[in-house]
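Just the structure for this:
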Amino acid sequence: MARRALGLLAAAALGAAAAGGTAPYGSDEAQQNLKLIYHRPAAAWIEALPVGNGRLGAMVFGGTHSERLALNEATVWTGGPYDPNPPDGHRSLPEIRKLVFSGRLAEAEALFERSMMPKVWEQARFQPLGDLILTLPDHAFPSEYRRELDLDTAIATTRYRVGGAMVQREVFASATDDVIVIHIASDRPAALELTATLAGRVNPKGAGDAAFEITSEPPGTVGLRGRTDRFADATERLRYEALLKASVQDGSVRLDFEREHPELRVENASSLVPPRATTSAA
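Numbering: from 1, shown residues only. As a prediction, this is how the structure comes out:
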């Protein structure tokens, strides 16, 4: 199957393993199919199911009325480039040479460490990229709920029945196209109605600028742009961007500006099949 031919897609991240509510490891289903199986949505990040391609990834919570994918991108770290070298360190070089040539090596080493040794800061903090949020009206009380992570195919699937229709979401990370993909389908024609948007991370107070902004690009793209948090005395900050696109097999998809942030609104669809998309950080 051509993986890039499926789903609703966004920029994203790697995560931790899920916990709780799975089929017993020794069961025939778990052993034969190599799947982690759950019968309720994740209540916390550590219970979500991870997908990723080494650079992008997502933790999939498996909600029904509201679904969250916690997104990461490998280069999103706090702070930015900095020069660890003391700006006036070269002024000590003549004295260090004198001490070396006079045999006072311990003093030369101490002066070098005090005046010329690079002041390397502690490691910067890895920062989440943001969240992809899906809202599906009237999906709050499903039956036959099941979510799973197939360890052979690396696909996280959420499946449930609502209003007599079986709804299925598949999430995977494409290494070829370098995107996170969600394929959403219903076995009842034109039954899917949902909104999708991105949300960024709010930097702590004192960061000095807006943490992120949600933008829109007609005819149907939602963008997340922002800068990471401060780190130590670095004057630069990492700038990042993620894009969310969707297309439908039938029905319609459009930009909606009724809420605080622009959203993609899907109506009367049977399945969502995405175009290609990109994400970047710099």
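
Residue ranges in this protein under the pLDDT threshold?
The model of the chain has pLDDT under 70 over residues 1-32, 204-210, 274-282.

Domain map for it?
With domains defined by automatic domain parsing, the chain comprises 3-78+125-281, 83-120.

Which strand or helix spans the most centrally placed residue in the chain?
Residue closest to the average C-alpha location in the chain (Cα atoms, centre = their mean): residue 71, at 1.3 Å. Assigned by DSSP states H and E, residue 71 falls within strand 66-73.

Downstream of that strand, the next helix or strand is which one?
Downstream of strand 66-73 (by DSSP H and E), the next one is helix 93-101.

Run through the neighbouring helices and strands of that next one.
helix 105-115 (3 or more Cβ pairs under 8 Å, 6 or more residues apart in numbering; DSSP states H and E). Bear in mind the C-beta positions are built from the backbone N, C-alpha and C, glycine included.

Following element in sequence after the helix it packs on, please.
strand 130-135.

What pairs with that next one, parallel or antiparallel?
Using DSSP bridges, the strands paired with strand 130-135 are strand 66-73 (antiparallel), strand 192-199 (antiparallel).

so can I have TSV of those showing distance to residue 173?
Shown next, in TSV, are the strands paired with strand 130-135 (distance: least, Cβ to Cβ, whole Å):
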stretch	distance to residue 173
strand 66-73	11
strand 192-199	17
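
Please enumerate the strands of the stretch 101-250 of the chain.
For the stretch 101-250 of the chain, the strands defined by DSSP state E, counting those that start in this stretch occupy 130-135, 143-150, 155-162, 165-174, 179-186, 192-199, 212-217, 221-227, 239-245.

just these: most buried one?
Of all the strands of the stretch 101-250 of the chain, strand 179-186 has the most neighbours on average by mean count of other Cβ atoms under 10 Å, namely a mean of 25.

Turn the strands of the stretch 101-250 of the chain into CSV, columns for distance to residue 99.
As requested, those are exported to CSV (distance: least, Cβ to Cβ, whole Å):
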stretch, distance to residue 99
strand 130-135, 53
strand 143-150, 62
strand 155-162, 62
strand 165-174, 56
strand 179-186, 58
strand 192-199, 58
strand 212-217, 52
strand 221-227, 45
strand 239-245, 45
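
Residue 107: which of the ones you listed is closest?
Residue 107 lies closest to strand 221-227 among the strands of the stretch 101-250 of the chain, at 44.5 Å (Cβ to Cβ).

My read is that the residue nearest to the centre of the chain contacts residue 55, right?
No: assessed by Cβ atoms under 8 Å, residue 71 is found out of contact with residue 55, at 11.7 Å.

and the gap between the residue in the chain sticking out farthest from the centre and residue 93?
Going by Cα atoms, centre = their mean, the residue of the chain most distant from its centre is residue 102, 58.0 Å out. Using Cβ to Cβ, to the nearest Å, residue 102 is found at 15 Å from residue 93.

now residue 192
Relative to residue 93, and taking Cβ to Cβ, residue 192 is found at 69 Å.
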